[in-house]
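In: Dropping the sequence and predicted coords here.
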Amino acid sequence: MESGLVSVITPTYNSAKYLGEAIASVQRQSYRHWEMIIVDDCSTDCTKEVVGRYMQTDSRIRYCRLERNAGAAAARTAAMELADGEYMAFLDSDDLWAADKLKLQIGFMKRHHVPFTCTSYEHMDEGGQPLNRVIRAVPRTGYNRLLLDCPVGNSTVMYHVKKMGKFQVPDIRKRNDDALWLQMLKKEKYIYGIQKVLARYRVRRHSLSNNKWTVVKYHWILYRKIEKLGVIRSIFHILFWCVIKIWRLK
């Protein structure tokens with residue numbers, strides 16, 4: 001017997017090309033007690049029409065469009081505010097879930113009595129083909145560990161809302177998911193990692209995350225303006241992140 005509604009949080013902007021696949025991966029879940037909240041950050045493509053086709057046959061899918069383009073952080077916060085679930089899970093509009101993702105993750109959380117979890121995930125290219133690269137979840141990640149290189153995949157995270165509450169995503173254009181996890185780790189000491197690969201992350205050539213200098217800038221904003229770290233510590237974390245990224249490319 002399934003218990004506990006899961007709210008799936010999906011912000012989107014001009015991702016109509018991939019969004020249908022993301023929705024379908026939620027519909028294939030073996031755990032059926034979910035709602036999917038898609039918040040559209042004023043897309044200029046056919047996002048609304050894509051979502052509408054799925055909503056016609058599945059009442060668990062909800063759609064909201066922001067009044068103005070405000071960024072992924074604002075869209076994610078809006079979706080979280082609308083959520084009714086006992087659990088909250090995050091899925092970006094171009095990523096995918098394995099069919100047993102929700103079932104296995106909730107089972108892990110109940111079995112180990114932990115409210116905050118993530119899973120391993122793999123990379124795929126823009127066309128959905130595997131890139132043979134798996135990012136393994138760290139068994140237990142705390143605040144200081146997450147600051148180093150954030151070993152948490154956004155589309156793998158799930159947490160227990162009744163135990164941790166709701167959060168407002170820090171208003172930063174990039175790394176706002178990292179900023180959210182850091183906020184949450186100030187309330188819950190650890191996020192626990194599941195080793196099984198339960199999500200697929202789409203690597204897009206022209207995405208903001210592939211512009212490394214831009215990402216460095218947003219790391220600086222995250223460390224200095226949001227987390228209020230000192231200059232020396234902020235520089236250390238940025239240099240560490242750069243070294244890790246270079247090492248992983250080898």
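Out: Sure, I can see it. Numbers count the residues shown, from 1 in each chain.
In: hey, where'd the strands end up in this structure?
Out: Along the chain, the segments classed as strands by DSSP state E run 6-12, 34-40, 61-65, 87-90, 96-97, 116-124, 130-135, 140-141, 158-160, 191-202.
In: Tell me which residue is most central in the chain.
Out: residue 154 (2.5 Å; CA atoms, centre = their mean).
In: Skip the chain neighbours and tell me the closest residue to it.
Out: residue 177 (4.2 Å; CB to CB, 6 or more residues apart in numbering). Yep, even glycine has a C-beta here, placed from its N, CA and C like the rest.
In: Equivalent analysis for residue 187, please.
Out: In space, residue 187 is closest to residue 164, 5.9 Å off (CB to CB, 6+ apart).
In: give the contact list for the one you found.
Out: Going by CB atoms under 8 Å, 6 or more residues apart in numbering, residue 164 touches 115-116, 184, 187-188.
In: Please apply the same query to residue 106.
Out: Counting by CB under 8 Å, 6+ apart, residue 106 has contacts 4, 6, 31, 87, 158.
In: surely the residue nearest to residue 154 meets residue 155?
Out: No: taking contacts as CB atoms under 8 Å, residue 177 lies outside contact range of residue 155: 9.2 Å.
In: The two: who's more crowded?
Out: Between residue 177 and residue 155, residue 155 has the larger neighbour count (other CB atoms under 10 Å), namely 26 against 22.
In: That one contacts residue 97, correct?
Out: Yes: using CB under 8 Å, residue 155 is in contact with residue 97, at 7.3 Å.
In: Now do the shared contacts for the two.
Out: 91, 199.
In: Run a quick neighbour tally on the nearest residue to residue 3 once chain neighbours are set aside.
Out: With sequence-adjacent residues excluded and distances taken as CB to CB, 6+ apart, residue 3 is closest to residue 33, at 7.5 Å. Residue 33 has 17 neighbours, counted by other CB under 10 Å.
In: What does the pLDDT read for the residue nearest to residue 187?
Out: Reading off the confidence values, residue 164 has pLDDT 97.
In: circling back to that earlier point, any shared contact partners between residue 177 and residue 155?
Out: Going by CB under 8 Å, 6+ apart, residues that sit against residue 177 and also against residue 155 are residue 90.
In: hmm, back to that, can you turn the buried part of the contacts of residue 164 into a ChimeraX selection?
Out: Only the buried entries of these go into this ChimeraX selection, using 16 or more other CB atoms under 10 Å:
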select :115,116,184,188
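In: Just the ones of the contacts of residue 164 in helices?
Out: Judged by DSSP state H, these include residue 184 as members of helices.
In: Tabulate the contacts of residue 164 in a markdown table, adding columns for pLDDT and distance to residue 213.
Out: A markdown table is the format used below for the contacts of residue 164 (pLDDT from 0 to 100; distance: CB to CB, whole Å):
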| residue | pLDDT | distance to residue 213 |
| --- | --- | --- |
| 115 | 98 | 36 |
| 116 | 98 | 32 |
| 184 | 97 | 28 |
| 187 | 95 | 33 |
| 188 | 97 | 33 |
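In: Relative to residue 48, which of the contacts of residue 164 is nearest.
Out: residue 184 (30.7 Å; CB to CB).
In: Many thanks, we can stop here.
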